[in-house]
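Asker: I would like the atomic coordinates for the input below:
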Amino acid sequence: MSDKFTQVTEEFWVAPQLSIDDIKDAAAAGFSLIINNRPDGEVMGQPKSDDLEAAAKAHGLAYAHNPVGGTGITPDHLAAHLEARRTNPGRALAFCRSGTRSIFLGAYAAASSGVPVQEIIEKTAAAGYDVSAHRTALEALAEQNASTYEAEKSS
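Answerer: Numbering: from 1, shown residues only. Purely as a prediction, here's the structure:
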């Protein structure tokens, strides 16, 4: 497996910018989904999302383009991430320029799915990323979804 791929959990991994060859390596490593969190044209020479998607499909992988630009992660980005994961179960590999946008989306997704915030912080730290400055946002997201879950359960 490529040393470019960093495990966060058994089912969620992150990476910096992927190449066409990395897509082939991801398929060989058993990933089922590639999530591209990088806008096209962010830097010169960056592979285009359409080319990466074609490579993913050629190797039997699902592909989602969920570009997070300079304005940061929005609720729509989180919803798209969750939908991609929901409709494509199995191991997901998310990437951006450095993996940071992808790790934050993964952390927010985990919080919204009920993973304890401290566990999220510890797992992302073990993967080499520090999301602890987002603890308050992660806790708010977890609390909001717990309230929604309880409301739906009682109706």
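Asker: let me know the helix or strand that residue 121 is in.
Answerer: If you go by DSSP states H and E, residue 121 is part of helix 117-126.
Asker: contacts for that helix?
Answerer: 8-9, 103, 106-107, 110-111, 130-132, 135, 138-139, 142 (CB atoms under 8 Å, 6 or more residues apart in numbering). In this view, the C-beta of every residue, glycine as well, is placed from N, C-alpha and C.
Asker: please enumerate the strands of this protein.
Answerer: Applying DSSP state E to the chain gives strands spanning 6-7, 12-15, 33-36, 62-65, 92-95.
Asker: just put these in CSV and tack on mean neighbour count and mean pLDDT.
Answerer: Converted to CSV, those look like this (neighbours: other CB atoms under 10 Å; pLDDT from 0 to 100):
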stretch, mean neighbour count, mean pLDDT
strand 6-7, 17, 97
strand 12-15, 24, 98
strand 33-36, 24, 98
strand 62-65, 19, 98
strand 92-95, 27, 98
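Asker: format these as a markdown table; extra columns: distance to residue 56.
Answerer: Formatted as a markdown table, these follow (distance: least, CB to CB, whole Å):
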| stretch | distance to residue 56 |
| --- | --- |
| strand 6-7 | 19 |
| strand 12-15 | 13 |
| strand 33-36 | 5 |
| strand 62-65 | 4 |
| strand 92-95 | 10 |
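Asker: and residue 49, which of those strands is closest to it?
Answerer: strand 62-65 (4.6 Å; CB to CB).
Asker: which secondary structure elements does the closest one contact?
Answerer: strand 33-36, helix 49-58, helix 75-87 (3 or more CB pairs under 8 Å, 6 or more residues apart in numbering; DSSP states H and E).
Asker: please work out which of these is packed deepest.
Answerer: Mean neighbours per residue, mean count of other CB atoms under 10 Å, is largest over these for strand 33-36, with a mean of 24.
Asker: strands paired with that strand, and their directions?
Answerer: strand 62-65 (parallel), strand 92-95 (parallel) (DSSP bridges).
Asker: quick one: low-confidence ranges for this protein?
Answerer: 1, 146-155 (pLDDT under 70).
Asker: give me the neighbour count for residue 66.
Answerer: Neighbour count for residue 66, taken as other CB atoms under 10 Å: 23.
Asker: out of the contacts of helix 117-126, who's the most crowded?
Answerer: Result: residue 106 is most packed of these (other CB under 10 Å), 29 neighbours.
Asker: residues touching that one, list them.
Answerer: 8, 12, 14, 81, 94, 124.
Asker: fine by me, we can end here.
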